[in-house]
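# Return a 3D structure for these sequence lines:
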Amino acid sequence: MRRVTINDIARECQTSKATVSYVINGRYNKVSQEMVEKVEKAVKDLGYVPSLSAKSLAGRESNLIGVIIPQMDVGEKLVFDNPFYSEFLSGLEYYLRKAGCGVVLSVINKHNGFEEMIKKWNLDGAVVFGIDNDKMLDSLGKYRFPVLLIDSYITKTGYHRMNIRDEEACYEATKFLLHGEQEPIALVTGQYEKSGLLQQRVNGYKRALCEAGCEVDLSLIYQGDITHEYGMEAAEKILKRQGVNKILATADILAYGILNQLQNHGRKIPEEYEVMGFDDTYQSRNMYPRVTTVGQNILKRGEKAGELILKIIGGQQVEKENYMDFQIIERDTTR
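Coordinates of the predicted model:
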């Protein structure tokens, strides 16, 4: 959707851009009260977003793309503790930089919403991670500019999205860990009741267990923050469970914590415990032991996101649903 500009407000009010600019900037002494009210109503009705950028006042493109990451569940912890984001953004920024665009990053929480970012910058569009509730989407939807949603499972239509097939990916990962056997598998994940993406992955885990004739033991699903620390905490609990020697994590950063804690207790990997992650971040390839994981080619996904958002901004034909491939990558933490 094209961004609303001062030109649109002027056209709606049948006045000049200068008059609209006076009203937006509070210079009411240069405009009649009737016109002030008319412009302010048009600003509200059309969803115009004032900007601190002078380019906004001229109605020109800024060549700035917003990257918005909701950070709702882990308090003050830094989002870039999870290498998934740094790799994705590396690919996104690289693609946009080659296209002559810059990136503005905002991590939002309940105290810092979309409005604070959007009002400060004359964004041509935004790439938004992990929105799953319609209320949050409604907040974003008030601003009429192009959006690409990443890893989002929403009920509303009309938005462009880019995902992998998360349910299928976790289904295949669980089947891989089962090795055709009927053994319990612990699942370490984030708080999936709050995340459509994680719900998809949990559903895939459950489906694979059911198909293999295994009991779905909900006490083997460990939920917490998606952090290295929670991976260690979950591993400590799993160590107390008899007969549970296979662990699937829904993010590599959780798998790193699990492996560290198991090794702190002297457990052998993969002879005593098999561990599998999800993402294939660069640490998975370089740490010891190298982590078996679900690869989603994060850098390539970032570049693809850059390509898609620029096409959306340019009014080109783009599918609403865009899926990237995944693959099981077998390394040293599974037999």
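# ok, the spatially closest residue to residue 123 that is not a sequence neighbour - contacts?
Nearest residue to residue 123, sequence neighbours excluded (CB to CB, 6 or more residues apart in numbering): residue 66, at 4.5 Å. For every residue, glycine as well, the C-beta is placed using N, CA and C. When contacts are counted by CB atoms under 8 Å, 6 or more residues apart in numbering, residue 66 touches 103-106, 117-118, 121, 123, 125-128.
# now those residues in TSV, with pLDDT, distance to residue 282 and neighbour count?
Shown next, in TSV, are the contacts of residue 66 (pLDDT from 0 to 100; distance: CB to CB, whole Å; neighbours: other CB atoms under 10 Å):
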residue	pLDDT	distance to residue 282	neighbour count
103	93	20	15
104	90	25	17
105	89	20	16
106	84	25	20
117	69	28	19
118	66	32	23
121	72	30	20
123	82	29	27
125	88	28	24
126	91	26	25
127	95	21	27
128	92	24	26
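# and which of those is nearest to residue 86?
Residue 86 has its nearest neighbour among those in residue 105, at 11.0 Å by CB to CB.
# returning to that earlier point: help me confirm that the residue nearest to residue 123 is found in a strand?
Yes - remark: residue 66 belongs to a strand, assigned using DSSP: H, G, I helix; E, B strand; the rest coil.
# what bridges to it?
Residue 66 has these beta-bridge partners by DSSP bridges: residue 104, residue 126.
# what's the spacing between it and residue 122?
Distance of residue 66 to residue 122, computed by CB to CB, to the nearest Å: 10 Å.
# And residue 173, by the same measure?
42 Å.
# Kindly report the same for residue 270.
Relative to residue 122, and taking CB to CB, residue 270 is found at 52 Å.
# Which one of the two is surrounded by more residues?
Neighbours per residue (other CB atoms under 10 Å) separate residue 270 from residue 122, with residue 122 holding more: 26 against 17.
# Does that one touch residue 64 like I think?
Yes - using CB atoms under 8 Å, residue 122 is in contact with residue 64, at 6.6 Å.
# the strands in this protein, which residues?
Counting by DSSP state E, the segments of the chain that form strands are 64-70, 102-108, 125-129, 147-150, 160-164, 186-189, 221-223, 246-249, 274-279, 292-295, 321-324, 327-329.
# can I get those in TSV with distance to residue 30?
Shown next, in TSV, are the strands of the chain (distance: least, CB to CB, whole Å):
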stretch	distance to residue 30
strand 64-70	30
strand 102-108	32
strand 125-129	33
strand 147-150	35
strand 160-164	41
strand 186-189	58
strand 221-223	58
strand 246-249	61
strand 274-279	56
strand 292-295	60
strand 321-324	47
strand 327-329	62
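# Span of stretch 328-335 from start to end?
End-to-end distance for stretch 328-335: 14 Å, by CA to CA, to the nearest Å.
# Please identify the buried residues of that stretch?
328-329, 331, 333-334 (16 or more other CB atoms under 10 Å).
# Which single one of those residues is nearest to residue 132?
residue 328 (25.7 Å).
# quick one: contacts for that closest one?
Residue 328 is in contact with 172-173, 176, 292, 294-295, counting by CB under 8 Å, 6+ apart.
# Ok, residue 124 next?
3, 61-65, 101, 145-146, 313.
# Which of those fall in helices?
Using DSSP state H, residue 313 are the members of the contacts of residue 124 that sit in helices.
# Looking at the contacts of residue 124, which one is closest to residue 154?
Closest approach to residue 154 among the contacts of residue 124 (CB to CB): residue 146, at 16.4 Å.
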